[in-house]
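>>> sequence-free structure coming up:
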């Protein structure tokens, strides 16, 4: 009885690092942004159908957070996107995200999309808006910029 030669298994490749250095928040959870998945029918992905606010920290405290949240609400209302979370809940999420980032200062982006729907330009009647937030270290400005400033021209 002839035996079949045993085939050797190919060595397993090393795991690929998905660390992006960007912390993401979605549906109540924080994770590395590289691990976050977005449905391809997400209107924010398909059509840019959403709004965002970008802010930074000073002394690791979000700068004018309530003003940014108010503008996010106005922008969302103008597009007819519901932002159901109260400011206190959003502020708590931002504060927690900032705490999780190991950096002197943090850049924060809050993104609200209309959500997932069928492929159509018509605005869907029933859709669940999606809230995302992204936190990353704020890069330090170059020493010459900080010491000498930058040249600007203004128009009035």
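Good, I have the coordinates. Bear in mind the structure is a predicted one, so any value in this text is a computation, not a measurement. Numbering: from 1, shown residues only.
>>> give me the most central residue, this structure.
The centre of the chain sits closest to residue 134, judged by C-alpha atoms, centre = their mean, with a distance of 3.0 Å.
>>> ok, and the closest non-adjacent residue to that one?
Nearest residue to residue 134 in three dimensions, chain neighbours excluded: residue 109, at 4.6 Å (C-beta to C-beta, 6 or more residues apart in numbering). From N, CA and C alone the C-beta is placed, and that goes for glycine too.
>>> likewise residue 60?
Using C-beta to C-beta, 6+ apart, the nearest residue to residue 60 is residue 98, at 6.0 Å.
>>> surely the one you found is in a helix?
Yes. Assessed with DSSP: H, G, I helix; E, B strand; the rest coil, residue 98 lies in a helix.
>>> re the thing from before, who's in contact with the residue nearest to residue 134?
52-54, 133-134 (C-beta atoms under 8 Å, 6 or more residues apart in numbering).
>>> how about low-confidence regions in the protein?
Low-confidence segments of the chain (pLDDT under 70): 1-19.
>>> quick one, strands of this structure?
23-26, 29-32, 50-58, 61-62, 106-113, 130-137 (DSSP state E).
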